[in-house]
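Student: Generate a structure from the sequence data that follows.
(one chain, ligands or ions: 1)
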Amino acid sequence: MYSVGDSMGLRIVMFGAPGAGKGTQAAETAKKHDIVHISTGEIFRKNLREGTELGLEAKKHMDAGGLVPDDVTVRMVEQRLAEPDCANGFILDGFPRTEAQAEALTEFLDEAGLALDVVINIKVGDELVIQRLSSRRQCPECGAVFNVVSLRPRVENVCDQCSSKLIIRPDDSADTIKNRLDVYQVESAPVLDYYRSRSLVRDVDGVGSVSETDAEIDAVLAGLRSE
Ligand code: AMP
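Tutor: Alright, predicted model coming up:
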């Protein structure tokens with residue numbers, strides 16, 4: 001684990017329902033602030049592509065739109081956060097998703113003498129989520145995310161970054177989307193209460209364009225500096 005003195009950058013949780021735009025905004029914010037972007041969903045998908053034990057375990061839950069068990073997920077995130085590149089700050093995308101994960105993260109950071117700076121909650125309604133997830137396309141190789149309505153790739157069905165053929169994520173099917181939204185309400189919404197009670201949450205509107213939400217996030221982060 002890195003030491004307290006090394007911790008220069010921001011430590012952010014990007015929170016929101018599936019399809020809120022967490023991944024897109026986290027990637028943008030990470031680039032701007034030169035911090036590590038950690039997407040738990042992406043780590044699971046990478047493990048699945050590589051056929052690891054973790055990937056196969058995760059698949060059982062992901063395909064149905066459920067959550068990977070807390071012990072597996074927390075261990076994976078803690079290992080990732082202990083890597084040296086996280087010393088300059090990180091942005092967690094898709095974690096924590098349960099109150100137990102949030103508690104584990106607090107404990108882990110406490111032990112290192114660290115704390116989160118902010119939890120950015122991207123707010124969107126269910127209808128928009130369903131619309132966005134059903135038009136989402138993803139690069140199976142580099143993980144870049146596109147949308148056939150709002151964020152089209154330069155060439156139809158081809159990744160702008162690595163030219164791989166884009167796919168529809170298996171968990172973006174209509175039935176699975178509904179299940180993921182239910183899981184979000186039951187398991188993940190309490191995470192917001194957990195962080196609200198610690199005054200860490202800043203709400204941003206996820207309904208507008210990518211750049212509009214991005215601008216709101218910039219304002220939140222700029223505000224943190226002057227707090
Ligand atoms: P995402 O890419 O964030 O939408 O995550 C895709 C899927 O990975 C989720 O629907 C879950 O099955 C699994 N997953 C990602 N992050 C977590 C987490 N923090 N806890 C449990 N399961 C997760």
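Student: what number of residues lie near Asp110?
Tutor: 10 (other CB atoms under 10 Å). All C-beta spots, glycine's among them, are computed from the backbone N, C-alpha and C.
Student: For the helix or strand harbouring it, list every residue counted as buried.
Tutor: Under the assignment given by DSSP states H and E, the secondary-structure element containing Asp110 is helix 99-111. For helix 99-111, burial by neighbour count (16 or more other CB atoms under 10 Å) applies to Glu99, Ala100, Gln101, Ala102, Ala104, Leu105, Thr106, Phe108.
Student: Quick check: closest non-adjacent residue to the residue of the chain found nearest the ligand.
Tutor: With CB to the nearest ligand atom as the measure, the residue in the chain that lies nearest the ligand is Gly41; the distance is 2.0 Å. Counting by CB to CB, 6 or more residues apart in numbering, Gly94 is the residue found nearest to Gly41 once chain neighbours are left out, at 4.8 Å.
Student: looking at this, Arg75 is in a helix?
Tutor: Yes - using DSSP: H, G, I helix; E, B strand; the rest coil, the assignment for Arg75 is a helix.
Student: Next one: it from Pro18, what distance?
Tutor: 23 Å (CB to CB, to the nearest Å).
Student: still on that earlier bit, neighbours of the residue nearest to Gly41, how many?
Tutor: Gly94: 23 neighbours (other CB under 10 Å).
Student: now do Gly125
Tutor: When counting by other CB under 10 Å, one arrives at 12 neighbours for Gly125.
Student: burial count for the closest residue to it other than its chain neighbours?
Tutor: Nearest residue to Gly125 in three dimensions, chain neighbours excluded: Val207, at 7.5 Å (CB to CB, 6+ apart). Counted with other CB under 10 Å, the burial measure for Val207 works out to 14 neighbours.
Student: helix/strand/coil for Val207?
Tutor: Val207 falls in the coil class when you classify it by three-state DSSP.
Student: I'm done for today, thanks for sticking with me.
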